[in-house]
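# After the sequence you'll find the predicted model.
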Amino acid sequence: MFPQLATVDYPRKVLLAAPCRSLLPLALFRAPSTSMFRPLCLAVALTAAGFLPAQGQTAITDLGTGNYLGQYQGGLYPGGVNIPPPAHRAAGHNAASMVVPRDRFGVPSTKGFIGFASISMSNANQEWAAFKRRADQDDHRNSRVVLVSGAQGGQSLDVIADPNAPYWPALDARIDAAGLSKEQVQVVWLKMADANPTTLAFPNHALNAKANAVKVLHILKSRYPNLAIAFFSSRSYGGYAAAANRSEPLSYETGFATKWLIEDQIAGSPNLNYDPLLGPVVAPLALWGPYLWTNGPIPRADGLVWLPSDLEADMVHPSAAGEAKIAHLMEVFFHSAPASTAWYGMPVSERLQFLNATDDAWVDVQHPSTNYGAEYYLLVMPGRRLAYLQFDLSNLRGQVERAELCFKTDPEVLSEPGLKVHRVDNRSWSESTLTFANAPTLQGLLRGPLPEFSPGTAVSVDVTAEVLASLGGHVSFALTGALGPLRNKLITSHEGGEPPRLILTIRPACEEPGVPYCRNTPNSSGHPGLLTVTGSTSLGRNNLTLNASQLPPGEQATFFFGFASDRQPVGDGFLCVASPLGAIGQTVVSNNLGQAKLALDFAPLGFLAGQVIYVQCTYRDRNGGLAGYNFTDGLLLTLCP
């Protein structure tokens, strides 16, 4: 057998075996069921096949106080560490506190929204789309954060450093289509990349990339006055690509461009000033987002690998597997980073809900009797083909405050500008029978022509008014193309696994179950504890039951409440309710299924209708972490008469 080299505990243990004298033992050292983690034997197999890991490069997050090329220190932040120094960390907390729902004029409002946009090129566009599709189903995130796909194919930082680049009006158009104003955009995610570097020599190319990124930050701050934070990510591993400007060591070295930019801001560079007390504000606060580079098939300290299967055939753009890997890193980061939890994971009274299209089909004027309802894609061609979408609203409960139509463009086909979204009042059609001959008539134009969308974009269109007018029944839309190049615009259908969706922000009705927030850490059962309720939040009915699940069996559990949210590391998890805290009822014991229940009696607690309370459960976990106790997620409850 092979000796064990290392055991990595992020987020689970992975056995790394060496030396791999043959490929036969691969099956003996199979990692857990996720493509993010692979055994070292796989690296040997890929090297033998011609996929060479980068030589002399260590992920900046792992390099620490060590130096690249003998003189360039690692660590995301100064001093070889991966957390900001205290003053910059405090600036992050302050900037995050300024990211709040705002109305269209930029005035803070509980009815407003937070615009969060992606910036940069095609890889970022595809990875953001995967992240957005996950985020649109994430009931633990702030429902008033609106994610906008701003990254566009070919629009790397060296291209968009020009304030007159076509990229900027196209970005404005995407923000407008999502129903936001410039004043509501408050956070951006940028992927650091220059597609056409003027030199491949290091550190010159990284310094050039840094200079372009500074220009982009200036443009962003001038166009979006309430922009508070810019999160940067590095390029992912490029060693499988043939072109030198996409390969290694350039991809790795570009990470130093972000590191040095942030260090300049920490050092007080006026060209990156974000603090009005120190002079004119010319940039948002710059922070690292998720660091994406790892040395190909060689796991970095947290187990991340980047494999050929994570890329499309061009070995440059991420495949579906690669997109999912990056989206996972982004999801974990924005739910846990101190400068994002205050707004991304901030609980609000409204919940997020998504509805997949119940029917989607396209029709063709040249084939008026043919039904295309079972196709994997929806085709739209000017003057010839149009697509229909339908959603069932009959089971919605609560008050809809925002509705977004989101669909994904085909990842392999270029899309031209000119897509239009129409209202369809006749909702009697179905995808199994729809043809051009019996297709409903189009009514008003809702949005469009929309700007060009790159392959694999998650397109957002505000349709709040149409959904509000159709509550209790169905709502239908049609997609058409403006006159232009007679090429298909492909959109994925629900048969293709990426259904068009409605993303809804809903204020719960009295009978609603509450709004979850503040994901917690896994316990000894391997899962995080969850908190739900049954019954009603009506004080008069007084029939609410608190249900904790995924707890260790046979352990004590105590429910408690407060009047504000928080997220502080306590015990082996996070305390998500701010002090003062009040206990609810008596301590209970989880059953053999890891469930604990408590009927909440409102009478002795003195609550008032209209109050918002935050509820959580703490429980013993003797086989868990060092502290021996943990917490469920939090639940926001709005009380009614």
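All right, it came through fine.

# show me where the protein has helices.
40-48, 60-63, 86-97, 122-135, 157-160, 167-177, 204-223, 250-266, 320-336, 338-341, 464-468 (DSSP state H).

# show me what contacts Phe563?
Neighbouring residues of Phe563 by CB atoms under 8 Å, 6 or more residues apart in numbering: Ala578, Gln611, Val612, Ile613, Tyr614. The way it works is simple: take the backbone N, C-alpha and C, and place the C-beta from them, glycine included.

# Low-confidence stretches in the stretch 51-200 of the chain?
Residues of the stretch 51-200 of the chain meeting the criterion pLDDT under 70: 51-55.

# Strands of that one, residue ranges please.
With DSSP state E, counting those that start in this stretch as the criterion, the stretch 51-200 of the chain has strands at 67-68, 72-73, 114-119, 145-148, 185-191.

# With the stretch 351-500 of the chain instead?
Going by DSSP E, counting those that start in this stretch, the stretch 351-500 of the chain shows strands at 351-356, 359-364, 377-380, 385-392, 399-408, 419-424, 445-447, 458-462, 474-481, 489-492.

# which of these has the lowest average pLDDT?
Lowest mean pLDDT within the strands of the stretch 351-500 of the chain: strand 489-492, at a mean of 86.

# What separation is there between the closest residue in space to Ala195 that isn't next to it in sequence and Leu405?
Spatial nearest neighbour of Ala195, chain neighbours left out: Ser156 (3.9 Å); criterion: CB to CB, 6 or more residues apart in numbering. Distance of Ser156 to Leu405, computed by CB to CB, to the nearest Å: 29 Å.

# now Asn245
37 Å.

# Name the residue in those two with the higher neighbour count.
Set Asn245 next to Leu405 and count neighbours by other CB atoms under 10 Å: Leu405 wins out with 27 against 15.

# Can you give me the distance of that one to Leu635?
29 Å.

# Quick check: pLDDT value at Leu605.
For Leu605, the predicted pLDDT is 89.

# list the contacts for it?
Gly582, Ile584.

# now swap in the one 10 residues further on and tell me
Applying CB under 8 Å, 6+ apart to Val615 gives the contacts 514, 531, 533, 546, 559-561, 577, 584, 634-637.

# Please name the spatially closest residue to the spatially most central residue of the chain (chain neighbours excluded).
Closest to where the C-alpha atoms of the chain average out (CA atoms, centre = their mean) is Phe131, at 3.8 Å. Of all residues not flanking Phe131 in the chain, Ala327 sits nearest, at 4.1 Å (CB to CB, 6+ apart).

# if I read this right, that neighbour contacts Ala130, doesn't it?
Yes. With contact defined as CB atoms under 8 Å, Ala327 reaches Ala130; the gap is 3.8 Å.

# Nearest to His218 among the strands of the stretch 351-500 of the chain would be which one?
strand 458-462 (26.0 Å; CB to CB).

# How is the protein divided into domains?
4-48, 60-341, 352-507, 515-638 (automatic domain parsing).

# Now do the longest one: distance from first to last residue.
Domain 60-341 has its terminal residues 24 Å apart, counting by CA to CA, to the nearest Å.

# Ok, stretch 356-374 next?
16 Å.

# of all the helices of the chain, which lies closest to Gly481?
So among the helices of the chain, helix 167-177 is nearest, using CB to CB, at 15.6 Å.

# For Pro604, grab the count of nearby residues.
8.

# so how far is Asn543 from it?
Pro604 is 16 Å from Asn543, by CB to CB.

# Check Glu253 too.
Glu253 is 62 Å from Asn543, by CB to CB.

# Give me the more crowded residue out of those two.
Glu253 (25 against 14).

# that older thread, hmm, the residue nearest to the centre of the chain is touching Lys325, no?
No. Under the criterion of CB under 8 Å, Phe131 makes no contact with Lys325, lying 10.9 Å away.

# Show me whatever sits in contact with both of these two.
Common neighbours of Phe131 and Lys325 (CB under 8 Å, 6+ apart) do not exist.

# list the contacts for Tyr274?
Tyr274 neighbours (CB under 8 Å, 6+ apart): Ala91, Ala95, Gln265, Val281, Ala283, Pro284, Leu285, Ala286.

# between these, which is nearest Glu431?
Checking the contacts of Tyr274 one by one against Glu431 (CB to CB), the nearest turns out to be Pro284, at 44.3 Å.

# And for that closest one, the neighbour number?
23.

# do the one 3 residues further on as well
Here the neighbour count serves as a burial measure; for Leu287 (other CB under 10 Å) it reads 25.

# again with His335
Neighbours of His335 (other CB under 10 Å): 18.

# before we move on, what about Asn438?
Neighbours of Asn438 (other CB under 10 Å): 13.

# need the contact list for it.
Applying CB under 8 Å, 6+ apart, the residues near Asn438 are Trp429.

# how close does it sit to Tyr619?
Counting by CB to CB - Asn438 and Tyr619 are separated by 58 Å.

# just Trp128 next, same as before
Relative to Tyr619, and taking CB to CB, Trp128 is found at 37 Å.

# Likewise for Ala165?
54 Å.

# okay, the two: which has more neighbours?
Tyr619 (27 against 15).

# Appreciated, that's everything.
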